[in-house]
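Asks: what follows is a protein structure lacking sequence information:
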């Protein structure tokens, strides 16, 4: 059962911050969803393997060839803030 | 006949015969967008300069006698979550509002290589999370058959643009029905290929084990022709597959004599609107008259498909969307002092409420103490669903049902009752969970004049069988040729 404290912990894990009104609404939706999903527990799955992938494929790795698909400049172009060669963030160590 | 009344295959044929040029086709689409899109809000952006360059390039290739796709020169709308190099690709989210993709999605690259012209990005539910196209940061998309109703989602802009003759055909994405359901609500044809049929490289991920790029167009022939261009294994997507069949357009014989059409009793009756049930049953009669054999089926596992889907899709989304942090690209909050504040404020201000809710739910089902009860249980049930379909496809070749239990809801109705919205996905999510191909074809209208869609599912890899069944239906019906009157008439301040 999702509690207000549990929801706060989820917010922190996800770097999200809800308002009090959003928190109340989200708790209500969680309650509805949990009730539906709890019904799944009644469906027997003894002996059923956990599905890993929908297609029965075995991956074959391609040759390890070094490529440069993007230039540094093209990737920095989309950054909200950057220096000449790096993304820019607030100081982490004082 | 106007350019925008042509199907994509017909338009490609005219371009190949030099009766029209690729730039003329593009300008027709762009003109329709400029004149009419304020009615529907189907596009998020239409960057005309790169589209004109691509159209001219396609025309040059055609003029030089290069052998290209039958669709060479045809403009294609692209859902706003499929990367087009140097163009805005925003997932209809504030957090990516100014993001320009530094590369083409493989499907887009294949379109360009075949001489097609990416033309405009199409509105959608934010990060494809929704069934109504109302959660877009650009505002809700309207249904061209009735502006007071939603177009479905999440590829609602694509479906609305095709229906309103603002677009010839489009690429969408389908995680739980996001191509088929809006196609049904807007009276156009939508196809979700088998999982792995089309590379997901460059499709911004929602639920990676469920996502698949699909097509929206006027008819099955257009969907097949587009699939011929974009299908195939790709080294950039380890989950992509080369299936043995190919040549989808060429395989459309329209002959369905002896085709076994499974009719699951769970998809008719309680919960399905009367008009929807009647129209789909009439479509089954048409298929039978065309030579198909109807086979009664039971698919009891369908009842748990929706909760299983929402556990798995949200779990994958919570992981996929952790990359959006305001550092490398996209939106960054204006006010912050610490790194923690940068992350939290950027994500809280950048993501819409439906997206935040699904991220939180996904993290919950993956958290310690709940992982086995929810996530692992859902994965086991997914396996039972795959096994159930495999057994069903031993008795039939395609499975027919309504695409959705209802026609398009009124604007706002679903957001006020999200649980009802989730349940409306009941007939579409099983195909994503099992990786099956699924087609939506128009099969009539309800008494409000809103379109109804027939869904046809096939076994994994049997895309051609599904497309041919839909083509056979369209050979003997004309529902797919109907167009909303409003698409031309609505103008002025709306």
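Replies: Nice, I can see it. Please read these numbers as outputs of a predicted model, since none were measured by experiment.

Asks: can you give me the strands for the stretch 101-250 of chain B?
Replies: B:117-122, B:170-173, B:189-192, B:213-217 (DSSP state E, counting those that start in this stretch).

Asks: how about the residues of the stretch 351-494 of chain B by chain A?
Replies: With C-beta under 8 Å from any C-beta of the partner chain as the criterion, the stretch 351-494 of chain B meets chain A at residues B:351, B:353, B:356-357, B:359-361, B:363-365, B:367, B:373-374, B:376-384, B:386, B:418-419, B:433-435, B:460. C-beta here means a position set from N, CA and C on the backbone, and glycine is covered the same way.

Asks: can you check the stretch 201-350 of chain B too?
Replies: So far as C-beta under 8 Å from any C-beta goes, the stretch 201-350 of chain B lies against chain A at B:209, B:235, B:238-239, B:241, B:304, B:306-308, B:310-311, B:318, B:322, B:325-332, B:336-345, B:347-348.

Asks: if I pick the residue nearest the centre of chain B, what's in contact with it?
Replies: Taking C-alpha atoms, centre = their mean as the criterion, residue B:179 is the residue nearest the geometric centre of chain B, at 2.1 Å. For residue B:179, the contact set (C-beta atoms under 8 Å, 6 or more residues apart in numbering or on different chains) comprises B:155, B:158, B:172, B:173, B:190, B:191, B:192, B:214, B:215, B:216, B:440.

Asks: and if we set it to 6 Å?
Replies: B:155, B:172, B:190, B:192, B:214 (C-beta atoms under 6 Å, 6 or more residues apart in numbering or on different chains).

Asks: switch those over to JSON lines; also include neighbour count and pLDDT.
Replies: Shown next, in JSON lines, are the contacts of residue B:179 (neighbours: other C-beta atoms under 10 Å in any protein chain shown; pLDDT from 0 to 100):
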{"residue": "B:155", "neighbour count": "39", "pLDDT": "98"}
{"residue": "B:172", "neighbour count": "33", "pLDDT": "98"}
{"residue": "B:190", "neighbour count": "35", "pLDDT": "98"}
{"residue": "B:192", "neighbour count": "34", "pLDDT": "98"}
{"residue": "B:214", "neighbour count": "32", "pLDDT": "98"}
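
Asks: what is the lengthiest helix in chain A packed up against?
Replies: Secondary structure of chain A read by DSSP state H shows that its longest helix is helix A:20-38. Identification of packing neighbours for helix A:20-38 by 3 or more C-beta pairs under 6 Å, 6 or more residues apart in numbering or on different chains; DSSP states H and E yields no helix or strand.

Asks: in the next helix or strand after it, what's buried?
Replies: Next in sequence after helix A:20-38, counting helices and strands by DSSP states H and E, comes helix A:72-76. Across helix A:72-76, burial judged by 16 or more other C-beta atoms under 10 Å in any protein chain shown covers residue A:76.

Asks: now the two most distant members of the contacts of residue B:179.
Replies: Between any two of the contacts of residue B:179, the greatest separation by C-beta to C-beta is 10.1 Å, found for B:155 and B:192.

Asks: picking that back up, the longest helix of chain A: how far from the chain's middle?
Replies: 19 Å (C-alpha atoms, centre = their mean, to the nearest Å).

Asks: roughly how far apart are the residue nearest to the centre of chain B and residue B:119?
Replies: 19 Å (C-beta to C-beta, to the nearest Å).

Asks: and if you look at residue B:164?
Replies: For residue B:164, the distance to residue B:119 - C-beta to C-beta - is 15 Å.

Asks: and residue A:69, by the same measure?
Replies: Taken as C-beta to C-beta, the span from residue A:69 to residue B:119 is 25 Å.

Asks: higher neighbour count, those two?
Replies: Counted by other C-beta atoms under 10 Å in any protein chain shown, residue A:69 and residue B:119 do not tie: residue B:119 has more neighbours, with 28 against 9.

Asks: without its sequence neighbours, what residue ends up closest to the residue of the stretch 1-150 of chain B found nearest chain A?
Replies: Going by C-beta to the nearest C-beta, chain A is nearest to residue B:102 of the stretch 1-150 of chain B, at 4.7 Å. The spatial neighbour of residue B:102 that comes closest, neighbours along the chain excluded (C-beta to C-beta, 6 or more residues apart in numbering or on different chains), is residue A:74 at 4.7 Å.

Asks: now swap in residue B:46 and tell me
Replies: residue B:120 (4.0 Å).

Asks: for residue 55, give me its contacts.
Replies: By default, I'm working from chain A. residue B:196.

Asks: not what I meant, chain B
Replies: B:22, B:23, B:26, B:117.

Asks: save those residues as CSV, and put in neighbour count too.
Replies: Converted to CSV, the contacts of residue B:55 look like this (neighbours: other C-beta atoms under 10 Å in any protein chain shown):
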residue, neighbour count
B:22, 28
B:23, 18
B:26, 26
B:117, 28
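
Asks: what is the most widely separated pair among those?
Replies: B:23 and B:117 (8.9 Å).

Asks: show me the shaky parts of the stretch 1-150 of chain B.
Replies: For the stretch 1-150 of chain B, applying pLDDT under 70 flags the ranges B:1.

Asks: please consider this matter closed, and thank you.
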